[in-house]
Structure formats: C-alpha cells, structure tokens
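Student: One predicted model, sequence on top.
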Amino acid sequence: MTDAAQLELLREIRDELRGLRLAVQTRSNRDDAAVGALLQEIFVAVSDRAFTASDLLARIPSPDDERLRAAIIACCGSLSPRKIGKLLRRFEGRDVAGLRVVRTGQVAREGLIWMVVRATLRV
C-alpha cells in the first residue's frame, strides 16, 4: 500500500470515529438530561442522606414524591430497584446537573448504599 493510500485510509477512519463520537455524545447528552432530572428529584427526596434503590421506591407512595416516580420511570423504564442500581452505577462519580452519585462503600441487605451530593470543582 502506498503512503498516499495509507493516508487516505487513516482519514476515512478518522472521519468514521468523529461520526461515532458525535452519535455517542448526542445520546449521552439526552441521557444526562434525564438522569440530571432524576438526580435532582433524589436529592430533593433524600437530601444528603444515604439510601438504597429500595429506599427510593419505598418513598414512591407519598404524593409528595410523584415527580421522583416519574423521573425513575423516565430513566429506568420501570420501578425496579435493580434497574435503579444499574443506572446509579453507570453514572457513579460523574457530574450531572451539578450533582454526583457516590457509592458509600457500604452494603445493606437491600443492596448498595448511595448518596447524591452536590458536585464540586476538582482541582
């Protein structure tokens, strides 16, 4: 393969990667918006207290937490503690809408214990 052919192939690969990156970023931005809304609702519901996914679902019957219910369904598709836990793991440590999901390192009978905290600048 000539140098020119190799260079052209590299350009095609670069362009393909750019397209893939844009597709992933677009999907990620949509996910971030929905997850940002969920994290806001979790933060309102539990403040700075630790919780399990099951704890969140136990709050749902309260009329005050209807927005939490809607946000969970929008992100997870159903009121499943397993799906909530998977979502929290996926976004763990990321800053989304000014909040961050943190695993406390402890495990309860109902599952992992989480916190949603305000994101701060990392230096």
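Tutor: Arrived safely, thanks for sending.
Student: For the rest of this, base every contact and every neighbour count on C-alpha atoms.
Tutor: Noted.
Student: centroid residue for the protein?
Tutor: Centroid-nearest residue in the chain: residue 91, 3.5 Å away (criterion: Cα atoms, centre = their mean).
Student: In contact with residue 111: list those residues for me.
Tutor: Each residue near residue 111 by Cα atoms under 8 Å, 6 or more residues apart in numbering is listed here: 52-54.
Student: State the phi and psi torsions of residue 100.
Tutor: In terms of degrees, to the nearest 10, the main-chain angles of residue 100 are phi -140, psi 140.
Student: likewise the one 10 residues further on?
Tutor: Per-residue torsions, residue 110: phi -80, psi -10 (degrees, to the nearest 10).
Student: Where is the longest helix in this protein?
Tutor: Ranked by residue count and defined by DSSP state H, the top helix of the chain is helix 3-46.
Student: coming back round to it: okay, the residue nearest to the centre of the chain and residue 64: tell me how far apart.
Tutor: In this view, residue 91 and residue 64 are 25 Å apart by Cα to Cα, to the nearest Å.
Student: The closest residue in space to residue 76 that isn't next to it in sequence: what secondary structure?
Tutor: By the measure of Cα to Cα, 6 or more residues apart in numbering, the closest residue to residue 76 outside its immediate chain neighbours is residue 83, 5.9 Å from it. The local conformation at residue 83, judged by DSSP: H, G, I helix; E, B strand; the rest coil, is helix.
Student: State whether residue 83 and residue 75 are indeed in contact, as I suppose.
Tutor: No: the criterion here is Cα atoms under 8 Å, and residue 83 misses it with residue 75 at 9.1 Å.
Student: Any idea how far stretch 100-117 is from the middle of the chain?
Tutor: Once both centres are worked out by Cα atoms, centre = their mean, to the nearest Å, stretch 100-117 turns out to sit 14 Å from its chain's centre.
Student: Identify each buried residue in that stretch, please.
Tutor: Buried residues in stretch 100-117, counted by 16 or more other Cα atoms under 10 Å: 100-103, 111-117.
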